[in-house]
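Chemist: Starting from these lines, generate the structure:
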Amino acid sequence: MAALLAVSTVSGAAAQVSLHEGTVMEAVARLKPGEFLWAPEIAPEGPVLLIVNRATQRAILYRNGVPIAISTVSTGRDGYQTPTGIFTILQKHARHFSTIYDNAPMPYMQRLTWQGVALHAGELPGYPASHGCIRLPLEFARLLYGVTRLGMTVIVTDRAAVPRLAPTANLLGADEGAASEAPEWHPERASEGPLSIVVSGGDRRVVVLRNGEVIGSAPVVIRGAVAGTTAYVLRAVDAGGYHWFTVMLPGRTPSGAPVADLGDRFSADPDFRRRVAGLLVPGTTVIVTADSLRSGASPIALIESEAPR
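Modeler: Numbering: from 1, shown residues only. As a prediction, the model looks like this:
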């Protein structure tokens with residue numbers, strides 16, 4: 001790990017801070033509003049995953065399951081709380097302006113919902129202050145924009161609430177009734193891009209997303225109880241099989257713990273499993289949640305405008 005990491009505020013002032021003998025994870029408490037740590041050399045290759053914690057007002061960026069950056073953030077204030085959930089990046093626009101509030105700038109915007117929740121650079125007073133978006137330091141927003149792709153997974157969580165799948169998405173189709181018992185497989189919907197697999201304990205169903213598009217789903221039998229939300233990343237594939245590791249969700253499991261039997265925990269249609277296995281590459285994320293994936297399952301109401309946040 002590099003001994004020194006760049007730190008910046010939204011105003012653009014920069015300084016150098018030493019991690020001493022600490023790790024990136026241990027440095028999170030020392031950051032002041034507007035500061036961040038960025039050390040991509042810790043894990044130079046692989047897909048990325050962003051976890052935002054409303055309780056601590058911090059964001060942690062993982063590459064191939066390894067934390068490579070931490071930033072202070074400002075999420076939604078009372079009455080405009082940023083929804084917890086499991087999202088994918090739907091749109092990117094480096095020079096974005098609000099269509100609602102006097103053309104206000106939203107630099108390095110990365111949209112999480114079509115109802116107005118996004119990542120972007122903005123003021124960071126040290127507490128939740130936005131209208132629902134996740135504000136980032138300007139330089140961190142720029143660096144993050146450079147390593148993300150459409151369809152990348154973003155998890156928004158806090159210590160008191162279980163993350164839900166993006167509240168506006170109905171991954172089980174338009175019908176609000178029971179999901180089809182038959183497996184579905186449509187790889188033509190997205191031929192490339194980041195792969196995320198979401199397993200719902202509430203629906204007993206697995207959904208496969210590529211580049212943010214649902215390309216497959218199937219009923220699943222889950223061994224053991226599903227409590228809360230747990231995330232895993234595929235670190236390597238070799239002659240010994242698939243090597244999965246847990247990813248830290250704030251207040252839950254420490255990161256980096258190997259999981260030898262992740263695949264054995266779930267049973268699904270054999271042909272569906274073979275098709276999914278053919279797409280697995282290092283960096284693939286699996287998110288196991290107790291929540292339903294059906295639209296309307298989340299009680300969270302989103303802001304129906306694109307305000308500067």
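Chemist: okay, CA-based contacts and neighbour counts for the rest of this
Modeler: Will do.
Chemist: Contact partners for the residue nearest to the spatial centre of the chain?
Modeler: The chain has V154 as the residue nearest its centroid, 1.7 Å off, counting by CA atoms, centre = their mean. The contact partners of V154, taken as CA atoms under 8 Å, 6 or more residues apart in numbering, are L49, L50, I51, V52, I86, F87, T88, I89.
Chemist: Backbone dihedrals for the first one, both of them.
Modeler: Read it as L49. With angles defined as degrees, to the nearest 10, L49 sits at phi -140, psi 130.
Chemist: Find the nearest non-adjacent residue to it, please.
Modeler: Nearest-residue entry for L49: Y62, 5.1 Å, with adjacent residues in sequence omitted and distances by CA to CA, 6 or more residues apart in numbering.
Chemist: Which pLDDT value belongs to the residue lying closest to A268 once chain neighbours are set aside?
Modeler: The spatial neighbour of A268 that comes closest, neighbours along the chain excluded (CA to CA, 6+ apart), is V220 at 4.8 Å. What the model reports for V220 is a pLDDT of 93.
Chemist: Give me the sheet partners of the helix or strand hosting the residue nearest to the centre of the chain and which way each runs.
Modeler: Taking DSSP states H and E as the definition, V154 sits inside strand 153-157. Strand 153-157 has the following sheet partners, assigned by DSSP bridges: strand 48-53 (parallel), strand 85-88 (antiparallel).
Chemist: Check which element follows it along the chain.
Modeler: Elements were assigned by DSSP H and E; along the chain past strand 153-157, the next helix or strand is strand 184-185.
Chemist: Check which helices and strands that following strand sits against.
Modeler: Strand 184-185 is packed against strand 213-219, with contacts defined by 3 or more CA pairs under 8 Å, 6 or more residues apart in numbering; DSSP states H and E.
Chemist: ok, the helix or strand just after the strand it packs on: who's next to it in the sheet?
Modeler: Moving toward the C-terminus from strand 213-219, the next helix or strand (DSSP H and E) is strand 221-222. Looking at strand 221-222 with DSSP bridges, its paired strands and their directions are strand 266-267 (antiparallel).
Chemist: Residues touching the strand it pairs with, excluding its own?
Modeler: By CA under 8 Å, 6+ apart, strand 266-267 touches V220, V221, I222, R223.
Chemist: State the pair within those that is farthest apart.
Modeler: Pairwise distances across the contacts of strand 266-267 peak at 9.7 Å for V220 and R223 (criterion: CA to CA).
Chemist: hang on, the earlier thing: lowest-confidence stretch among the strands paired with strand 153-157?
Modeler: For those, the stretch scoring lowest in mean pLDDT is strand 85-88; its value is a mean of 86.
Chemist: Report the distance from that one to the chain centre.
Modeler: Remark: strand 85-88 is offset 6 Å from the chain centroid, using CA atoms, centre = their mean, to the nearest Å.
Chemist: buried sites along that strand?
Modeler: For strand 85-88, the neighbour count (16 or more other CA atoms under 10 Å) marks G85, I86, F87, T88 as buried.
Chemist: Give the next helix or strand downstream of it.
Modeler: Following the chain from strand 85-88 toward its C-terminal end, the next helix or strand by DSSP H and E is strand 91-93.
Chemist: Report the contact partners of the closest residue to L31 other than its chain neighbours.
Modeler: When the adjacent residues along the chain are set aside, L31 lies closest to T72, with 7.0 Å between them (CA to CA, 6+ apart). Residues in contact with T72 (CA under 8 Å, 6+ apart) are 31-36, 57-59, 124, 126, 136-137.
Chemist: So in terms of bridging, what pairs with T72?
Modeler: R58.
Chemist: distance of it from A121?
Modeler: The spacing between T72 and A121, counted by CA to CA, to the nearest Å, is 11 Å.
Chemist: and for these two, which residues touch both?
Modeler: Residues within reach of T72 and of A121 at once, by CA under 8 Å, 6+ apart, are L136, P137.
Chemist: gap between stretch 266-284 and the chain center?
Modeler: With CA atoms, centre = their mean as the basis, the distance from the averaged C-alpha position of stretch 266-284 to the chain average is 21 Å.
Chemist: how close does F36 get to E139?
Modeler: Distance from F36 to E139, by CA to CA: 9 Å.
Chemist: Mind checking which of these two has more residues around it?
Modeler: Set F36 next to E139 and count neighbours by other CA atoms under 10 Å: F36 wins out with 27 against 23.
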